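Student: sequence? don't have it. structure:
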């Protein structure tokens with residue numbers, strides 16, 4: 001699912017919708033990390049390494065089972081896809097935010113672009129390129145876009161289930 005949400009006027013971030021999905025939750029134990037990306041080189045590997053370290057710090061890694069290892073690899077793949085899309089289609093990423101509570105890990109990539117990310121339709125598995133948002137859609141519980149009225153750019157977010 002893809003949704004576009006506006007920030008509320010007070011600037012505190014997106015509010016939960018009626019279904020409870022897609023909004024940033026308050027993370028009580030401070031499990032929030034932010035990485036400025038700006039004009040750094042090697043942004044995609046840097047974002048993966050940053051996220052991998054957060055997964056170690058939060059106990060997702062080292063993985064005790066194949067399912068936990070797969071969950072961590074899914075997170076790293078989604079980070080790669082979101083950051084790569086910002087590089088290719090949105091004038092480059094500004095920041096990566098990673099946050100986690102006991103049930104959900106949320107990834108946010110803020111960029112300067114005006115476009116609207118969407119899975120390529122129809123998806124053609126045998127063709128190179130164009131798979132990024134299709135992968136995000138398949139691996140995530142939900143994803144979407146948040147724009148701040150009057151400000152350039154957007155934040156593309158994705159949420160994945162925490163391993164049990």
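Tutor: On my side now, so go ahead. Please read these numbers as outputs of a predicted model, since none were measured by experiment.
Student: Tell me the secondary structure at the most centrally placed residue in the chain.
Tutor: Centroid check for the chain by Cα atoms, centre = their mean gives residue 107 as the closest residue, at 3.0 Å. Classification of residue 107 into helix, strand or coil gives strand, according to DSSP: H, G, I helix; E, B strand; the rest coil.
Student: Just list whatever residues bridge to it.
Tutor: Legend: beta-bridge partners of residue 107 under DSSP bridges are residue 98, residue 158.
Student: doesn't residue 51 make contact with residue 98?
Tutor: Yes: in this structure residue 98 lies within contact range of residue 51 using Cβ atoms under 8 Å: 5.5 Å. (C-beta placed from N, C-alpha, C; glycine too.)
Student: Could you tell me which residues touch both of the two?
Tutor: Here residue 98 and residue 51 have 79, 107 as joint contacts, going by Cβ atoms under 8 Å, 6 or more residues apart in numbering.
Student: The residue nearest to the centre of the chain reaches residue 157, doesn't it?
Tutor: Yes: counting by Cβ under 8 Å, a contact exists between residue 107 and residue 157, whose distance comes to 6.6 Å.
Student: dump the residue contacts of residue 103.
Tutor: With contacts defined as Cβ under 8 Å, 6+ apart, the neighbours of residue 103 are 161, 162.
Student: Just the pLDDT for it.
Tutor: The predicted local confidence for residue 103 comes out at a pLDDT of 91.
Student: can you pull the contacts of residue 68?
Tutor: Residue 68 is in contact with 60, 163, counting by Cβ under 8 Å, 6+ apart.
Student: Which helix or strand contains it?
Tutor: Using DSSP states H and E, residue 68 falls within helix 66-89.
Student: Number of residues surrounding residue 153?
Tutor: By the other Cβ atoms under 10 Å criterion, the neighbourhood of residue 153 contains 17 residues.
Student: Oops, could you answer that again for residue 132 instead?
Tutor: Neighbour count of residue 132, defined by other Cβ under 10 Å: 21.
Student: now residue 60, nearest residue through space, not along the chain?
Tutor: Beyond its immediate neighbours in the sequence, the residue positioned closest to residue 60 (Cβ to Cβ, 6 or more residues apart in numbering) is residue 72, lying 5.0 Å away.
Student: cool, and residue 102?
Tutor: Setting aside the residues directly before and after it, residue 102 is nearest to residue 162 in space (Cβ to Cβ, 6+ apart), at 6.3 Å.
Student: For the one you found, give me its contacts.
Tutor: By Cβ under 8 Å, 6+ apart, residue 162 lies in contact with 60, 71, 100, 101, 102, 103, 104, 105.
Student: make it 10 Å
Tutor: For residue 162, the set of contacting residues under the criterion of Cβ atoms under 10 Å, 6 or more residues apart in numbering consists of 58, 59, 60, 68, 71, 75, 100, 101, 102, 103, 104, 105.
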